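Q: no sequence for this one, just the structure:
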């Protein structure tokens with residue numbers, strides 16, 4: 001008995017690649033340095049926005065020991081967004097650096 005033949009054509013481009021790409025690409029290190037510069041700028045922007053978002057209010061004459069702060073939500077939210085983006089870019093910069101120096105065994 002022979003094996004049954006299928007009439008379905010082979011899918012083009014779904015097999016294993018013939019030549020795998022190199023993982024140790026030194027240009028990734030340049031990208032990582034650029035991301036680290038951007039992380040520094042985003043951290044500075046987050047601190048600047050947080051400073052603009054906190055405004056001390058006047059003291060109450062009867063209770064001089066109480067300090068009041070007004071938190072502006074738009075500036076605090078922008079600060080949190082900038083810090084979160086900086087954290088994500090920092091993780092990606094670490095990944096890029098690992099891929100820049102990694103060699104195949």
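A: Structure's in. What do you need? Just so it is clear, the model here is predicted, and its values are computed rather than measured.
Q: pLDDT weak spots in this protein?
A: Scanning the chain for pLDDT under 70 picks out the ranges 1-24, 103-105.
Q: centroid-nearest residue for it?
A: The C-alpha lying nearest the average C-alpha coordinate of the chain belongs to residue 88 (Cα atoms, centre = their mean; 1.9 Å).
Q: which SSE is it in?
A: Using DSSP states H and E, residue 88 maps to helix 73-101.
Q: apart from its neighbours in sequence, what residue is nearest residue 35?
A: Distances taken as Cβ to Cβ, 6 or more residues apart in numbering put residue 93 closest to residue 35, at 4.0 Å, once the chain neighbours are dropped. Where C-beta positions appear, they are placed from N, C-alpha and C, glycine not excepted.
Q: picking that back up, got the buried residues for the helix holding residue 88?
A: 75, 78-79, 82-83, 86, 89-90, 93, 96-97, 99-100 (16 or more other Cβ atoms under 10 Å).
Q: chain center to it: distance?
A: 4 Å (Cα atoms, centre = their mean, to the nearest Å).
Q: now do it: which elements does it pack against?
A: Helix 73-101 sits against helix 27-53, with contacts defined as 3 or more Cβ pairs under 8 Å, 6 or more residues apart in numbering; DSSP states H and E.
Q: what packs against the helix it packs on?
A: Right, helix 27-53 is packed against helix 73-101 by 3+ Cβ pairs under 8 Å, 6+ apart.
Q: report the angle between the helix it packs on and helix 27-53.
A: 160 degrees (axes from the mean of the first three to the mean of the last three Cα atoms, to 10 degrees).
Q: hmm, who's touching stretch 49-62?
A: By Cβ atoms under 8 Å, 6 or more residues apart in numbering, the surrounding residues in contact with stretch 49-62 are 66-76, 78-79, 82.
Q: redo that, cut-off 7 Å
A: The contact list for stretch 49-62 (Cβ atoms under 7 Å, 6 or more residues apart in numbering) reads 66-72, 75-76, 78-79, 82.
Q: how far does it stretch from start to finish?
A: Using Cα to Cα, to the nearest Å, the end-to-end distance of stretch 49-62 comes to 32 Å.
Q: give the buried residues for that stretch.
A: Buried-residue list, stretch 49-62, by 16+ other Cβ under 10 Å: 49-50, 53.
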